[in-house]
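> Predicted model, plus sequence, below.
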Amino acid sequence: MLWLCILLPQFALEAAAGGARAAPGTRSALATLALWALQWSSQVSTRAGSDDAQRIAAAHGAALWLEIGASRQLFGDHTALRARLATELTPLGYGFRLGIAPTPQGATILARAGLASVALTRAQLLRQLGPLPLRFLSLPDEQLAALHGAGLRHIGALLALPAAAIARRFGPAASLYLQRLRGATREPQRYVQAPAHFASRCEFSGAISDTTALLFPLQRLLAGLQGYLRSLDRAVQRYSLCLEHHRADATQLTIGLARPGRDAAQFLALARERLAATTLAAPVHGLRVEANELLQPLVLQGDMFSHAAQQAEQLQHSLDRLAARLGHDAVRTLERSADHRPERAWRLRAAQSTAQLTVQLTAQPATQAPDRPCWLLLEPRRIDMPRELLAGPERIESGWWDGADVARDYYLARGEHGAQLWVYNDLRSGAWCLHGLWS
């Protein structure tokens, strides 16, 4: 096994900067960060060692432990995984140190010492621990003082002593800790379990009246949602955002996507648009994110010669942001309809999903379709017969089944000022009508 320790030396202060309030809020922030970490490993722990070790570790800040030995095949070697973790953890506003070793306690000491090197084996771990001072150990102060009084200054000299001698002199707890540190005894872990539904909350120490100030704590909550979804290989098409007020009903916002997603940056961009259009009824004292309906993620397959999937993804993000700002009912797309009558060959519908957009961008017509103007009049306008016909006729006879049948000959004509017009001659009445314009 290979363990990565994420040490957060100033976690209590940094969690408060993101909205966490007192000890319960700090624990909630650490739980959200643990859900974020689940996307990198299925074995994530917020506790390592005995109660004494936990108490001493708390004095150095909070920590998370990830077993990454099984993750290297998916995310690359430890160097690549370490870089990715650092890249995604930095925007969350936490100062951190990373340590990698075959044991959780070993990874903790390497992170605490700020060593950039990695110990992949127990032998490498012992070599790196050897010259470090005893103060990096998670041992009580009185035991560290006794070790110092016995002439020991470095971890390597302590680990060279027999385990039985350490147990007699300093107690079995110290001996067990050192055995777990060096990997002679396996350390039991309490792993974080992903809940059936996502719910994460932060409470503010003071009231917030500006929705912009909600974005930073919301970013942390949504990072937890992303890690949670990726760990389960699931996605959501909507999540709820609850703004809690003092002695007032909470403001409930539903953030929707046109297709299932699990990217925190996309979630945050949509929430930013929605919050910008929201007027707060009262100051906000707490923030809560919930996602109850988990769906299968939509994976788009592309090829190296086509950018259609990427274009569709970008277009979909733009549609989602417009819908978040203006409302879903205000965003529509055009859809073709299987009807030869030009006024019935299209219709408005809700914004399409990325998969549908990708199909439209990649689809190639089997035959060359006739030219159609971009501007089609809502109602054809009666005109005199054009003086100059440039192309045509194109006969359209259709609609007998619904009582709105037409029989028309369409032409490309030139208008008085040089504009290209799309006109037709009604075969039943003989009337000429203007139906569309090119320029």
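That came in fine, so what should we check first?

> Show me what the biggest strand by length in the chain pairs with in its sheet, parallel or antiparallel.
For the chain, the strand reaching the highest residue count under DSSP state E is reported as strand 248-261. Within its sheet, strand 248-261 is paired with strand 236-245 (antiparallel), according to DSSP bridges.

> any idea how far Ala101 lies from Ala62?
19 Å (CB to CB, to the nearest Å). Using the backbone N, CA and C atoms, a C-beta is placed for each residue, glycine as well.

> low-scoring pLDDT stretches of the chain, where are they?
18-25, 48-60, 298-319, 321-330, 350-370, 439 (pLDDT under 70).

> that older thread, neighbour count for Ala101 and Ala62, which is higher?
Using other CB atoms under 10 Å as the criterion, Ala101 and Ala62 rank with Ala101 on top: 29 against 23.

> Could you tell me the phi and psi values at the more buried one?
Ala101 adopts backbone torsions of phi -160, psi 170, taken as degrees, to the nearest 10.

> ok, Ser231 - contacts?
35, 38-39, 42, 194 (CB atoms under 8 Å, 6 or more residues apart in numbering).

> ok, and the closest non-adjacent residue to it?
Leu38 (3.6 Å; CB to CB, 6 or more residues apart in numbering).

> Wait, the one you found touches Gly227, no?
Yes. With contact defined as CB atoms under 8 Å, Leu38 and Gly227 form a contacting pair (5.1 Å).

> Quick one: the strands in the stretch 51-200 of the chain, in order.
Applying DSSP state E, counting those that start in this stretch to the stretch 51-200 of the chain gives strands spanning 62-67, 97-101, 198-208.

> Quick one: closest of those to Arg47.
strand 62-67 (8.4 Å; CB to CB).

> my guess is Leu377 meets Trp422, correct?
No. Using CB under 8 Å, Leu377 makes no contact with Trp422, being 9.2 Å away.

> More neighbours: which of these two?
Neighbours per residue, other CB under 10 Å: of Leu377 and Trp422, the larger number sits with Trp422, 24 against 15.

> ok, back up a step: nearest to Ala269, of the strands of the stretch 51-200 of the chain?
Closest approach to Ala269 among the strands of the stretch 51-200 of the chain is made by strand 198-208 (18.8 Å; CB to CB).

> tell me which residues of that closest one are tucked away?
For strand 198-208, burial by neighbour count (16 or more other CB atoms under 10 Å) applies to 198, 200-204, 208.

> What of stretch 101-112?
Buried positions in stretch 101-112, judged by neighbour count with 16+ other CB under 10 Å: 101-112.

> Beyond the strand or helix carrying Ala407, next helix or strand please.
Assigned by DSSP states H and E, Ala407 falls within strand 406-414. The first helix or strand that comes after strand 406-414 along the chain, using DSSP H and E, is strand 420-426.

> Buried by neighbour count, from the contacts of Ser231: which ones?
Buried among the contacts of Ser231 by 16+ other CB under 10 Å: 35, 38-39, 194.

> Would you agree Pro217 falls within a helix?
Yes. Secondary structure of Pro217 (DSSP: H, G, I helix; E, B strand; the rest coil): part of a helix.

> what's around it, how many residues?
As a burial measure, Pro217 scores 24 neighbours (other CB under 10 Å).

> now it: how far from Leu243?
Pro217 is 11 Å from Leu243, by CB to CB.

> Give me the common contacts of those two.
Leu287.

> Pipe the buried residues of strand 198-208 into TSV and attach distance to Leu287 per row.
Output for these, formatted as TSV (distance: CB to CB, whole Å):
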residue	distance to Leu287
Phe198	14
Ser200	9
Arg201	7
Cys202	5
Glu203	8
Phe204	7
Ile208	9
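
> which residues touch the spatially closest residue to Pro9 that is not a sequence neighbour?
With sequence-adjacent residues excluded and distances taken as CB to CB, 6+ apart, Pro9 is closest to Gly61, at 4.0 Å. The contact partners of Gly61, by CB under 8 Å, 6+ apart, come to 7-12.
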